[in-house]
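Trainee: Give me a 3D structure for the following:
(chains A and B)
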Amino acid sequence: MASDSRRKAPRPGFVLDVDRSTPPILFHHGDNFRLEKLPADRSRVIYPAEPLPGLPDPEESIYQALLNPLDDDPLPSLMKPGMKLTIAFDDLSLPLPKMRQPDIRQRIIEQVLDIAAAAGVDDVHLIAALALHRRMTEAELRHCLGDRIYDAFAPQNALYNHDAEDPDGIVELGTTGHDELVTMNKRAAESDLLVYVNLNIVSMDGGWKSTATGLSSYAGIKHHHNVATMRESKSFMDRHSSELHHSNWRQGEVIKNHGPRVFQIETTINNNTFGYDGPLAVLQKREWEWTARDRATFMGMKKGLDLMPTGARRKIFNNWEAPYELTSVQAGNVDSVHEVTLENCFKQHLVPVEGQTDVLTFGLPYICPYNVNSVMNPVLVMCLGLGYFFNMYRGKPLVREGGVLIMSHPTPWEFHPVHHPSYIDFFEQLLAETTDPIELEKKYEKQFAEDEWYTHLYRNSYAYHGVHPFYMWYWGAHALQWLGRVIIVGGDQRAVRRLGFQPASTMQDALEMASDVVGPRPSITHLHNPPILMADVT
Amino acid sequence: MSRLAKQIGLPRLPAGLSPVRRFRALEFPLRAPSTPRRVAPLPPERRTGVHYDTEWARRTPARMVRAAIVDGPMRLAVSGLAAPDRRGEDRLLGLEGPIIFAANHHSHLDTPLLLTSIPTPWRHKVVVAAASDYFFGTRVTGALSALVIGAIPIERTKVERRSANTAAELIGDGWSLLIFPEGGRSPDGWGQPFRGGAAYLAAKTGVPVVPIHLEGTGRILRKGRSLPRPSTTSVTFGRPLKPTDDENATRFGARIEREVAALADEASSDWYRARLRAHAGTSPGLTGPETGRWRRAWALGDRARGAKRRTRSWPDI
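Mentor: Residues are numbered from 1 along each chain as shown, chains lettered A, B, ... in the order given. Below you'll find the predicted structure:
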């Protein structure tokens, strides 16, 4: 009953001031967990909002969105027999973790295709807009789109992954006023209509970034995926204060003027990452509300995970499918759609927070956008912590300039050789020399980006593009510049040092090490994420 | 014995009669009374066919037995014989309450296949519309049908309000209904025109109809064959349908048939081509070409999944 009423009237996120009665706080720790007691009277914990209720009839909501788009014509009126239609969709980096079937992309694309079928459109291509990410496997495409779509299009080579390195498959659309080249997948660019199906898990996703980045090539992406842009994106989760997005929007203008007509469909999902019941539901509850059953579940799960080999733990977590629910769907003009999407995203994620902190802590989970069905290597640990979690703010960073960031993650010296080949060289060779993003960008980016072997693996195997580890490093560039020290609790000491950070065995040790930088009795803020939250710092 | 017979007023029978003759010599009330000649006899109480009362088969003990059969031996047998490929269950997500499942009909295997394929919220609360003349011809077959598959008798040879009312009442009580609108198994592998029962019940009860296409069961146990031959099958669930405001039962019934035809097309080609043809109104019909028997049988081969017309390469002479 309690969970039923909570589903209907979810509580907003809030900030808890830690006192002596506060129980230990849950920290995600890769594919395991830690419970940490935070110092009383100077610590606070930011909790995410409970999952907003999902739309009662997603199919009908999607249908209505397509029929009544924002500042655009209804989708059926855009479909004509004999036209060239391309449907692009977000790749497997969204959502995290993968959602239970049917995936939202399947629901939307089936309806778009049904409208296309009603108009007699024969020439339809579906493209996974994965930019420089690895290609999706058949199983992953089937999971996202369902068997019906896969079986209808893949055998005719009309469903495929975007190839940013295909010399015959990329066209230049022009340059922006800032001399930024705009490139696009040729099929998409030459289509009469490009329908983009997006899934916004955080406010960074969507808008013109979908097409300007997702269907582009290194030549186009490098204009915003660079150190200078990232350092000026404060934060890249806040589209209007993000240079990353400004650049994408400028490229979007070029697409608008010289590219295909774009019909954007964006969606938001709720925070129901671990479910209301089931083995992981406890991770979604506030610690003092854990029942005896929750505590028993947690202890059993923790003990089991402690005893398991890494591979088994990883398999269990990679198999988790989140029961996310659709909270909004909007379609039509890219700019109009994206503003509504952002509102809906913020409705779920924003938590008002007063003032910055000396020390920011968070526990990093087992997954980030770039290790779905893969290994979270040390470079990705840096990216998730200093790129994503650090940037989960609007206004100003949660931690003051020169403050300390303490993250919890095992940070194993381990890489997926198929998915992340260039990461291995980046980590073992380049980071041994320098961790300065500017120097890395200047000296090595081009070499990795144009390396023929990495390009071959990106195009023909399932590897991330050669330049991808650089981008991961750049995503943390703003945080690297801002922070006085980064400490990783419970990480592989060699790997942590290679990243340029300091290892600590316990949270207590980490806090003592932090006091060297921020003085004794610093204020501490813990970001209780995931489920996702974004601090609205004033 | 004779004292007892005297006490209860039994007639005295001549000694030396055989037991059979003694029995025949019994009189009312030991034997049924005869009807006076000038009185019209009461019609015999009919307890078979459409009059068979299946209410007992929906009580908890019978349901438990049926659930055990469906999830146990029936599932095993279906997996072994039919290796079903089930598709489109996701189209039922979000549906609540009873549903009318309407499927094409090729074989006696269709019902077990569907009972083991229908997703769990409905699987154990579904009744099967079964031909009263076939399944309820005797009380024994009726009892077995009601117990094992949850059958209810439906009159298929004439319009009979009682069957429809029973089905509607059960739907009102939250039971889903599995119905084969063709009214019987296919005689030649092609479908038969859909009758209006499913559409009428949907209009009457406001419950959605989920069209289902079954493929392959005819190869395993077609009409007229008594021993099954294992093969593969597919079960494709369609989107739930409801009659629109301007649609009567006849038109809705035709739409259900078209949807099943589109699902058949989907199963034999692919989803998008099937949708293109469905919207253009050119989905291949379920009933096949109106030609002679051999040509209908010939054309049937083209409908199998992935089947391609054989092209014979003749030698150049």
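
Trainee: if I look at A:Ser242, how far off is chain B?
Mentor: With distances defined as CB to the nearest CB, to the nearest Å, the gap from A:Ser242 to chain B amounts to 36 Å. Every C-beta, even on glycine, is put in place using the N, C-alpha and C of the backbone.

Trainee: for that residue, what are its contacts?
Mentor: A:Ser242 makes contact with A:Met204, A:Ser233, A:Lys234, A:Ser235, A:Phe236, according to CB atoms under 8 Å, 6 or more residues apart in numbering or on different chains.

Trainee: Just give the number of residues close to the fourth one.
Mentor: Per other CB atoms under 10 Å in any protein chain shown, the neighbour tally for A:Ser235 reads 26.

Trainee: just checking, A:Gly169 touches A:Ala188?
Mentor: No. With the criterion set as CB atoms under 8 Å, A:Gly169 and A:Ala188 do not qualify as a contacting pair; they are 9.8 Å apart.

Trainee: Looking at those two, which one has more neighbours?
Mentor: When neighbours are counted by other CB under 10 Å, A:Ala188 comes out ahead of the other of A:Gly169 and A:Ala188, with 27 against 17.

Trainee: Make sure that one is actually in contact with A:Ser216.
Mentor: No. Judged on CB under 8 Å, A:Ala188 makes no contact with A:Ser216 at a distance of 10.0 Å.

Trainee: Next, see if the host helix or strand of B:Arg86 gets close to chain A.
Mentor: Secondary structure assigned from DSSP states H and E places B:Arg86 in strand B:84-87. Yes. Strand B:84-87 comes into contact with chain A when judged by CB under 8 Å from any CB of the partner chain, the residues involved being B:Arg87.

Trainee: Next secondary structure element downstream of that strand?
Mentor: Along the chain past strand B:84-87, the next helix or strand (assigned with DSSP H and E) turns out to be strand B:100-103.

Trainee: what does whichever helix or strand comes after that following strand contact?
Mentor: The first helix or strand that comes after strand B:100-103 along the chain, using DSSP H and E, is helix B:110-115. Contact with helix B:110-115 is made by B:70, B:74, B:77-78, B:82, B:84, B:101, B:103, B:123, B:126, B:128, B:130, B:149-150, B:178, B:180, B:185, B:212, B:214, B:217, B:233, B:235, as judged by CB under 8 Å, 6+ apart.

Trainee: Can you flag the buried ones in those?
Mentor: Buried residues within the contacts of helix B:110-115, counting neighbours by 16 or more other CB atoms under 10 Å in any protein chain shown: B:70, B:74, B:78, B:82, B:84, B:101, B:103, B:123, B:126, B:128, B:130, B:149-150, B:178, B:180, B:185, B:212, B:214, B:217, B:233, B:235.

Trainee: Which members of those are positioned in strands?
Mentor: Using DSSP state E, the members of these that fall within strands are B:Pro84, B:Phe101, B:Ala103, B:Val126, B:Val128, B:Ala130, B:Leu178, B:Ile212, B:Leu214, B:Thr233, B:Val235.

Trainee: Check the residues you listed for the minimum pLDDT and say which it is.
Mentor: Of all these, the one the model is least sure of by pLDDT is B:Ala130, with 90.
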